[in-house]
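Undergrad: fold the following for me, if possible:
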Amino acid sequence: MNKYFADTNLFLRYLTDDVPDQAQAVEQLLDRAGKEEIELHTSVLTIAEIVWTLESYYDLKVDDVRMKVIGILNTPGLNVENEAIILRALEIYVHQNIDFVDAYNGEWMKEQGLSSAVTFDEKHFKRIPGIETISPDDMSL
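TA: Numbering: from 1, shown residues only. Predicted coordinates for the structure are as follows:
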């Protein structure tokens with residue numbers, strides 16, 4: 001079976017239908033993946049770019065962004081890197097009012113057995129349960 005990387009713009013065309021011909025082409029592509037004619041893969045960076053674009057360019061609310069990303073994750077025939085971490089990060093992103101990337105990084109840290117983040121931006125990381133923040137200024141080297 002042929003394997004392909006699915007880029008951000010495919011999902012944006014499909015989710016927003018702002019270019020109907022392209023949205024239709026993506027729907028056909030996703031149908032083929034669902035029928036296991038092809039295998040599609042995408043990355044965490046693609047998901048992060050989708051979140052950012054839907055928020056900033058399309059001005060969607062975080063809960064709407066969350067639902068669209070969950071739709072992507074539930075697409076038959078699409079393999080998404082670190083899907084479980086993304087799902088946990090989406091919940092934190094919505095319910096703790098933090099950037100998706102910070103939420104993802106916090107959940108990724110936990111997956112790696114890390115509980116402390118060295119950062120100057122404590123605002124978001126402090127909202128992630130199980131993560132503490134440390135300023136570089138406070139560390140004894």
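Undergrad: may I ask which helix or strand of the protein has the lowest mean pLDDT?
TA: Least confident helix or strand of the chain, by mean pLDDT, DSSP states H and E, is helix 122-125 with a mean of 85.
Undergrad: without its sequence neighbours, what residue ends up closest to V118?
TA: Using Cβ to Cβ, 6 or more residues apart in numbering and skipping the chain neighbours, the partner closest in space to V118 is I134 (5.2 Å). Heads up, the C-betas are built off the backbone N, CA and C, glycines and all.
Undergrad: how many residues are close by the one you found?
TA: I134: 13 surrounding residues under other Cβ atoms under 10 Å.
Undergrad: pLDDT score for it?
TA: I134 is assigned a pLDDT of 90 by the prediction.
Undergrad: quick check: buried residues in the lengthiest helix in the chain?
TA: If you go by DSSP state H, the chain has its longest helix at helix 20-34. Residues of helix 20-34 classed as buried by neighbour count (16 or more other Cβ atoms under 10 Å): 23, 26, 29-30, 32-33.
Undergrad: now these in JSON lines, with pLDDT and distance to A103?
TA: Below are these laid out as JSON lines (pLDDT from 0 to 100; distance: Cβ to Cβ, whole Å):
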{"residue": "A23", "pLDDT": "96", "distance to A103": "28"}
{"residue": "V26", "pLDDT": "97", "distance to A103": "27"}
{"residue": "L29", "pLDDT": "97", "distance to A103": "29"}
{"residue": "L30", "pLDDT": "96", "distance to A103": "26"}
{"residue": "R32", "pLDDT": "96", "distance to A103": "32"}
{"residue": "A33", "pLDDT": "96", "distance to A103": "27"}
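Undergrad: got CSV for the residues you listed, with distance to R88 too?
TA: Output for the buried residues of helix 20-34, formatted as CSV (distance: Cβ to Cβ, whole Å):
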residue, distance to R88
A23, 29
V26, 27
L29, 28
L30, 24
R32, 30
A33, 25
